[in-house]
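# next comes the sequence, and after it the predicted model I'd like to discuss.
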Amino acid sequence: MNFADKMKLYRRQKGWTQQDVAERLLISRKTISSWENGRSYPDIFMLVQISDLYHVSLDDLLREDHEMINNYKEEHKTSVHKQRLLSVLYFINIAGCIYFLLQSSGIVYIDSEKWQIINYILLGLFSLNILYLISQSKWELMSWKRKIKILITLLIFTILVMKLDSLVFHVGKNDLQDFITGFMVAMKSFAFTGLIWLFPQFKERRAK
């Protein structure tokens, strides 16, 4: 018996509807329907919750469904590759922060149009990098206390970056220049904030 059939069997043995199961697992009824029709599979965390809900072992849930087992193997491989990619991107963010510091301190001085173009390209690449890292930071799982600390850190770095670069906004005089300046400040602040707050996740990936 495959996983989809087992889900139907266990639910019916309890006399529950798909909505009943969904409410107990805190997910949507469509997700339950998708599992019972074999269109998708739960993740490992949810599989444990299903095991507890129906009082069956994980072995019973997985046994005989080779397609499901192969699906988890593929997910594991994908997860490993993703973790390695995120580690590499964190190192790139470190490089970006060093570059920003050198630029702000005047060690890297951009005095030609060619270097300005290169600078904007680097800024764009580092910006895409940190934005992707942030999107993978599990923000929705963080506590409110942690989120507030991150936002305070971001505010502090924003002030420091503006101070280091001696930036001044001239509202209404040159909107495009102000936009570029604001974008640069934001990306630098995100990069430095990410360097600190993404480190625990980076450390965890390196330990695996």
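Cool, got the structure. Residues are numbered from 1 along each chain as shown.

# list the contacts for Leu131?
Phe190 (C-beta atoms under 8 Å, 6 or more residues apart in numbering). (Glycine included, C-beta is placed from N, CA and C.)

# relative to Gly124, how far out is it?
According to C-beta to C-beta, to the nearest Å, Leu131 and Gly124 sit 11 Å apart.

# and what of Glu36?
Applying C-beta to C-beta, the value for Glu36 to Gly124 is 46 Å.

# more neighbours: which of those two?
Using other C-beta atoms under 10 Å as the criterion, Glu36 and Gly124 rank with Glu36 on top: 18 against 12.

# for that one, list the residues it contacts.
Counting by C-beta under 8 Å, 6+ apart, Glu36 has contacts Ala4, Met7, Lys8, Arg11, Gln18.

# for Arg84, see how far away it is.
Distance of Glu36 to Arg84, computed by C-beta to C-beta: 35 Å.

# equivalent analysis for Ser40, please.
Distance from Ser40 to Arg84, by C-beta to C-beta: 26 Å.

# helices and strands of this protein: which one bottoms out on pLDDT?
helix 199-207 (a mean of 73; mean pLDDT, DSSP states H and E).

# which helix or which strand is home to the closest residue to Leu58 other than its chain neighbours?
Nearest residue to Leu58, sequence neighbours excluded (C-beta to C-beta, 6 or more residues apart in numbering): Ser51, at 5.2 Å. Ser51 is part of helix 44-54 when elements are defined by DSSP states H and E.

# what's that helix packed up against?
When contacts are defined as 3 or more C-beta pairs under 8 Å, 6 or more residues apart in numbering; DSSP states H and E, helix 44-54 packs onto helix 3-14, helix 18-25, helix 58-62.

# what's the least confident stretch among the ones you listed?
Note on the helices and strands packed on helix 44-54: helix 58-62 shows the lowest mean pLDDT, a mean of 82.

# so after it, what's the next helix or strand?
Taking DSSP H and E, what comes next after helix 58-62 is helix 66-105.

# what's the angle from that following helix to helix 3-14?
Angle of helix 66-105 versus helix 3-14, following axes from the mean of the first three to the mean of the last three C-alpha atoms, to 10 degrees, is 110 degrees.
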